[in-house]
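Engineer: okay, sequence plus prediction incoming.
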Amino acid sequence: MGAANSVFAQWTLLGWVFVLFLSELGLSKTQIGLLLSIFPLSGVLAPFIGPSAARFGYKRTFLVFFGLRKIVAGLLLFIPLVISRFDPRITLIFVFGVVTTFAVCRAIGETALYPWIQEYVPNSVRGKYSAADNIFSTLAAFLAVATAGYIVGRSTDLDRFSVLFAAGVVAGLISVWAASHIPGGGPRGTSQRAALGESLSIVGRDADFRRYLIGVGLITLTSVPLVSFLPRFVKEQLGLSPGHVILVQAGTLLGTLLSSFLWGWAADRYGSKPVMLAGVSLTVILPACWMLTPQRGALSLPIALAVAFLQGVANIGWLIGSTRMLFVNVVPRQHSSRYMAVYYAWIGITGGISQMVAGRILDYSGHVQGRFLFLKLDPYTVLFGAGILLPAVSSLALRRVREDGGLSVLQFAGLFVRGNPFLALESSVRFYFAKDERTTVSVTERLAQAKSPLNLDELIEALDDPRFNVRFEAILSIARSHPDRRLMQRLSQVLDGDEPALGVVAAWALGRIGDPGGIEPLRKGMSSQYRSIQAHCARALGSLGDAGSVPMLLHRLKSETDRGLRMAYASALGKLRVAEAVEHMLEFLRTSEDRSTRLELTLALARILGGESGFIRLSRQFPTAFGTAAAQALESLGKWIERNGLENDLLVRRIKACADAFDHEDLGLGITLLQGIIESAPRERISEAGTHILDGCARGLSGFGLARPEYVLLALHALNGERRSKDRRREA
C-alpha cells in the first residue's frame with residue numbers, strides 16, 4: 001500500500017510536481033500557500049469525524065475515502081480543458097474545488113487510519129515497521145521523482161503534468177486494493193456526544209499530550225512550508241531548472257531511504273525520544289545549510305543535493321521518533337480515536353496556518369536583497385530563520401514528554417562514538433540473518449570486535465540462544481566488551497545457573513572485564529555447589545583485586561583438601577599479594593607433583609614479591625637455556641651490588657662463582673652455590689615474605705635439586721627483589 005500510495009502522492013497533489021504545476025499556472029506564492037493550507041486545515045474535521053469512523057469501522061472508513069480521493073485527483077486531468085475554455089479566475093476556482101474535495105477525503109480517511117495503525121502494529125516493532133514502510137515508500141517515491149524529473153524536464157507545456165497525474169491515479173487505485181488486505185479496523189460502539197466532549201477537553205487533562213502537541217505544532221509551523229516552498233527556492237534562488245528541482249527532491253528521498261532502517265531500529269531499541277530529538281537537532285541546522293548553498297553556480301546542484309540528503313535523514317528521524325512516541329507513549333490505546341482526532345486536528349490547524357502565513361511572507365519579502373555578514377539575504381531568509389528558531393524551542397517541550405527507559409540525546413549520540421559503529425551495525429544485521437550454528441557463533445564473535453554499545457542487545461540475545469556453543473561464544477564476546485550494567489547482570493545470572501560449563505566461563509568473564517560490579521556475584525559464586533565455579537570465582541576475585549575476600553581465601557587455602565581449589569585460592573592470594581599466605585603456598589609447592597601446578601604456585605609467590613614481568617621474562621628462558629638464563633640473572637645481581645657499593649665481598653664472590661657454574665652448564669654445582677648465596681644473603685635488606693620464600697627455596701633445592709628448577713627460578717627472583725625495590729624508588 002505504502003509504495004503505490006507514495007507514487008500517487010508524488011505525481012498528483014502531495015509532491016513537488018503539483019507545486020511546480022501551480023507555479024506554471026501563474027499562481028502567486030500567497031495563492032499557492034492558500035491552496036496548500038487546505039490540506040492540513042481540513043484536519044479540523046477530525047474530532048467530529050472520529051466517533052462516526054469508529055462506529056462505521058476504521059478500515060471501511062479509510063478505504064472509502066482513501067479511494068474517493070484517488071478519483072478526485074483524476075479531476076486534475078481536466079485542468080488544461082478548463083484553461084482553454086474559461087478565464088484564469090474560473091481555473092483557480094476549479095483547482096480550489098479539486099484541492100478542497102481531495103483534502104476533505106484525505107482528512108476523513110487519515111482520521112480513521114491513525115487508530116487503525118495503532119491497532120494492527122505491535123509497539124515492540126513499531127519503529128522497525130515505520131522504517132520498513134518508509135523504505136518501500138521512499139524507494140517508490142525515488143523512482144517516481146526520477147521519472148517525474150525526466151518528464152517535466154523534457155518539455156514546457158502542461159501536458160507533461162497530465163501524464164503524471166493520470167499515472168498517479170492508477171498507482172493510487174492500486175494502493176486502495178492493497179490496503180483492503182490489511183486486517184483489523186472493525187466497528188466500535190461509541191457515543192458521539194461523549195466522545196466529542198472528551199476530545200475537546202483532553203488536552204487540558206493530559207500534560208504529556210499537551211507538551212507533545214506544543215512541540216509538534218512548533219515543528220509543523222516551519223517544516224510544512226519549508227517542504228512546500230523549497231522547490232521554488234531551489235528554482236528561483238539557486239537557479240536550477242525544473243528537472244533539477246525534482247532531482248534535488250530525489251536527494252531528500254535518498255537520505256530518507258538510507259537512514260530509515262537505522263532510525264527505526266534505534267527507536268525500538270533505545271526509545272522514541274532520543275530518535276525524535278536527534279531528528280529535531282538535525283532539522284535546526286538545515287535552514288542554515290540552505291542559506292549557505294551557493295547560488296547560480298557550478299556547485300549549486302551538488303551542494304543542494306547534499307543538503308537535501310541531510311534533510312531526508314533529519315525528516316525521517318523526526319517522523320519515526322515522533323510517530324512512535326505518539327502511538328507508544330502519548331496516546332492510550334483505549335482512547336486512541338479521541339486522542340488521534342485532537343492530534344490530527346491540531347496538526348491540520350498549525351500546518352494550514354503555516355502555509356498561509358509562509359506564502360504571505362514570501363510575497364511581502366519578494367524584493368528583499370542584501371547581505372548580513374556572510375549570509376546573503378533573499379525573500380526566503382525569514383522563513384529559514386523561523387526554521388532554526390521554532391524547532392529549537394519545540395525541543396524544550398518535547399524533552400519533557402515522559403518516556404520510560406529511554407536514553408537522553410547525549411547518551412544516544414554517545415552510542416555512535418564508542419568503538420566502531422559501522423562494524424557494530426554490520427555485525428548486528430549479520431547476527432539476525434545467521435541461520436546455522438557455525439555462522440551464528442562466528443557472528444557472535446564478531447560482535448565483540450566492534451567494542452560498541454550498539455551490540456549489547458545482540459550479545460544478551462545470544463546468551464538466551466538454545467545452542468550451547470552460541471551461549472558460550474556470547475560470554476567470551478561479552479568478556480571483550482566494555483563494562484555495562486546489563487551485561488554484568490546477565491553474566492551474574494549465568495554464574496548462578498545450573499550449567500557449570502557456562503558458569504565457569506561467566507566467572508572468568510567477570511574477572512576479565514575488570515568492573516568492580518562483578519565482585520558481589522563472584523563472592524556469591526564462591527558458595528556454588530560446583531567446585532569448578534568456586535575455583536574460577538576465586539581467580540576472578542584475585543584479578544579484580546578484591547581485598548575484602550582475603551580472609552575467606554586464606555581460610556580456604558588452609559582448610560581445603562581439593563588440590564584444584566587450593567591452587568585457585570593460592571593464585572588469587574598471589575595476585576592480591578597477601579604475604580600471610582606464603583608459608584602455606586610453599587608447603588603446597590613442596591607437595592605438588594604436577595609441573596604446571598608448581599609453575600603457577602611459583603608465579604603466585606613471585607607476585608607477592610612484585611616484579612611479575614621480570615619473573616615471566618626469566619621463566620620463558622628456563623626451558624631452553626636454564627644455565628645461561630640463571631647465569632645472566634646472577635651476573636646482573638652481582639653488578640648491581642658492586643655498583644651500589646653494598647660492600648659484601650663474600651656474597652659477590654659467591655654470586656660470580658655460581659654464575660660461572662651455571663654458565664658452564666655445571667648445574668649441580670650451581671645449585672649448591674646458590675644455596676650458599678641464599679644463606680649469606682643480607683636478610684635485613686629483604687622483606688619478611690622474601691625471607692620466607694628464600695628459606696623455602698633453600699629447603700626445596702636441598703631436597704629436590706635439579707628435579708625442581710622452579711626453586712632456582714623463585715630464588716633468583718627473590719634475590720633480585722631488593723634491586724627491583726631500590727630501582728623503583730630511584731625512578732620515582
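Structural biologist: Cool, the structure landed.

Engineer: any stretches of the protein with poor pLDDT?
Structural biologist: Across the chain, the ranges flagged by pLDDT under 70 are 16, 155, 189-204, 366, 370, 372-374, 404-406, 644-648, 684, 722-732.

Engineer: and the strands in it?
Structural biologist: Along the chain, counting by DSSP state E, strands occupy 370-372, 375-377.

Engineer: could you list every helix and strand in contact with the last one?
Structural biologist: By that I understand strand 375-377. helix 272-292, strand 370-372 (3 or more Cβ pairs under 8 Å, 6 or more residues apart in numbering; DSSP states H and E). For glycine as for every other residue, the C-beta is placed from the backbone atoms N, C-alpha and C.

Engineer: show residues contacting that strand.
Structural biologist: Residues outside strand 375-377 that contact it (Cβ atoms under 8 Å, 6 or more residues apart in numbering) are M291, L292, Q295, V368, Q369, G370, R371, T381.

Engineer: okay, helices next: where are they in the stretch 301-450 of the chain?
Structural biologist: 336-364, 381-398, 409-414, 421-433, 437-449 (DSSP state H, counting those that start in this stretch).

Engineer: for those, which one sits closest to D663?
Structural biologist: Of all these, helix 437-449 sits nearest to D663, with 47.1 Å by Cβ to Cβ.

Engineer: contacts for the closest one, please.
Structural biologist: 420, 423-424, 427-428, 430-431, 434, 455, 458-459, 462, 465, 467, 469-470, 473-474, 476-481.

Engineer: from L447, how far off is V494?
Structural biologist: 17 Å (Cβ to Cβ, to the nearest Å).

Engineer: so for the two, which residue has more residues nearby?
Structural biologist: Between V494 and L447, L447 has the larger neighbour count (other Cβ atoms under 10 Å), namely 27 against 22.

Engineer: contacting residues around P421?
Structural biologist: P421 neighbours (Cβ under 8 Å, 6+ apart): L415, A450, S452, L454.

Engineer: if you set the cut-off to 10 Å instead, what comes out?
Structural biologist: The neighbours of P421, taking Cβ atoms under 10 Å, 6 or more residues apart in numbering as the test, are L262, L415, A450, S452, P453, L454, N455.

Engineer: just checking, the fourth one touches R418?
Structural biologist: Yes: taking Cβ atoms under 10 Å as the contact criterion, S452 and R418 are neighbours in contact, 5.9 Å apart.

Engineer: the more surrounded of these two?
Structural biologist: Set S452 next to R418 and count neighbours by other Cβ under 10 Å: S452 wins out with 24 against 14.

Engineer: phi and psi next, for that one.
Structural biologist: Phi and psi for S452, reported as degrees, to the nearest 10, are phi -120, psi 140.

Engineer: center of the chain - which residue?
Structural biologist: The centre of the chain sits closest to L454, judged by Cα atoms, centre = their mean, with a distance of 3.9 Å.

Engineer: for A131, see how far away G264 is.
Structural biologist: 2 Å.

Engineer: overlap in contacts, these two.
Structural biologist: V125, I316, I320.

Engineer: so who does the last one touch?
Structural biologist: It stands for I320. 126-131, 133-134, 259-268, 272, 275-276, 279.

Engineer: make it 7 Å
Structural biologist: Going by Cβ atoms under 7 Å, 6 or more residues apart in numbering, I320 touches G127, S130, A131, W263, G264, A267, V275.

Engineer: which residue lies closest in space to the last one, excluding its sequence neighbours?
Structural biologist: Counting by Cβ to Cβ, 6 or more residues apart in numbering, the nearest residue to V275 once its immediate chain neighbours are dropped is G321, at 3.5 Å.

Engineer: what's the burial count for that neighbour?
Structural biologist: 27.

Engineer: is it true that it touches V280?
Structural biologist: No: judged on Cβ atoms under 7 Å, G321 makes no contact with V280 at a distance of 8.5 Å.

Engineer: quick revisit: and G109, which of the helices of the stretch 301-450 of the chain is closest to it?
Structural biologist: With Cβ to Cβ as the criterion, G109 lies closest to helix 336-364 of those, at 10.8 Å.

Engineer: off-centre distance for that closest one?
Structural biologist: Its chain's average C-alpha position is 34 Å from that of helix 336-364, according to Cα atoms, centre = their mean, to the nearest Å.

Engineer: same thing with stretch 518-530?
Structural biologist: 32 Å.

Engineer: what about that stretch, start to end distance?
Structural biologist: 19 Å (Cα to Cα, to the nearest Å).

Engineer: who's in contact with it?
Structural biologist: By Cβ under 7 Å, 6+ apart, stretch 518-530 touches 488, 492, 495, 500, 503, 507, 510-511, 533-534, 537-538, 540-541, 544, 546, 549, 552.
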